[in-house]
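Chemist: just coords:
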């Protein structure tokens, strides 16, 4: 791997490795779609941090936010194709952790 590729890979890994990001992606991938469901699925995650991370994930085109015009308004989150690809790429890391731990 050349230096430029290594720098880009490092930047991507640092984003995904930020606290809560992977857990949020996994929660959405397992079916949590509403803010409260995601918050409940990720133990220790505050509403404020979840809101910030969801915005970042939207900005990186990993998650999309759908506003459902009901009364009251409902919001759902789902993985984009790019987010599903990332989740698939994360599965070997999850398997590694389950096998080897910290």
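Modeler: Thanks, I have the structure now. Values in this document were obtained by computation on a predicted structure and should not be read as measured data.
Chemist: contacts, neighbours, all on C-alpha from now
Modeler: Noted.
Chemist: from residue 5, how far out is the residue nearest the centre of the chain?
Modeler: Nearest residue to the geometric centre of the chain (C-alpha atoms, centre = their mean): residue 25, 2.6 Å. Counting by C-alpha to C-alpha, to the nearest Å, the gap from residue 25 to residue 5 is 24 Å.
Chemist: what lies in contact with the helix or strand of the chain with the lowest mean pLDDT?
Modeler: Least confident helix or strand of the chain, by mean pLDDT, DSSP states H and E, is helix 3-16 with a mean of 84. Here helix 3-16 makes contact (C-alpha atoms under 8 Å, 6 or more residues apart in numbering) with 21, 22.
Chemist: now do the buried residues in stretch 8-25.
Modeler: The neighbour-count check on stretch 8-25 (16 or more other C-alpha atoms under 10 Å) flags 16, 20, 21, 22, 23, 24, 25 as buried.
Chemist: narrow these to those in helices?
Modeler: Secondary structure from DSSP state H places 16, 21, 22, 23, 24, 25 of the buried residues of stretch 8-25 in helices.
Chemist: and the helices in the chain?
Modeler: Using DSSP H, the helices found in the chain span residues 3-16, 21-29, 35-41, 47-59, 81-100.
Chemist: what comes up buried for the longest one?
Modeler: Along helix 81-100, the positions that meet the burial threshold by neighbour count (16+ other C-alpha under 10 Å) are 83, 84, 86, 87, 90.
Chemist: dump the residue contacts of the first one.
Modeler: What it means is residue 83. With C-alpha under 8 Å, 6+ apart, residue 83 has these contacts: 25, 61, 62, 63.
Chemist: ok, the fourth one next?
Modeler: Residues in contact with residue 87 (C-alpha under 8 Å, 6+ apart) are 25, 26, 29.
Chemist: again, only this time at 10 Å
Modeler: Listed by C-alpha atoms under 10 Å, 6 or more residues apart in numbering, the contact partners of residue 87 are 22, 25, 26, 28, 29, 62, 79, 81.
Chemist: please tell me how far the last one sits from residue 5.
Modeler: In this structure, residue 81 and residue 5 are separated by 23 Å, where distance is defined by C-alpha to C-alpha.
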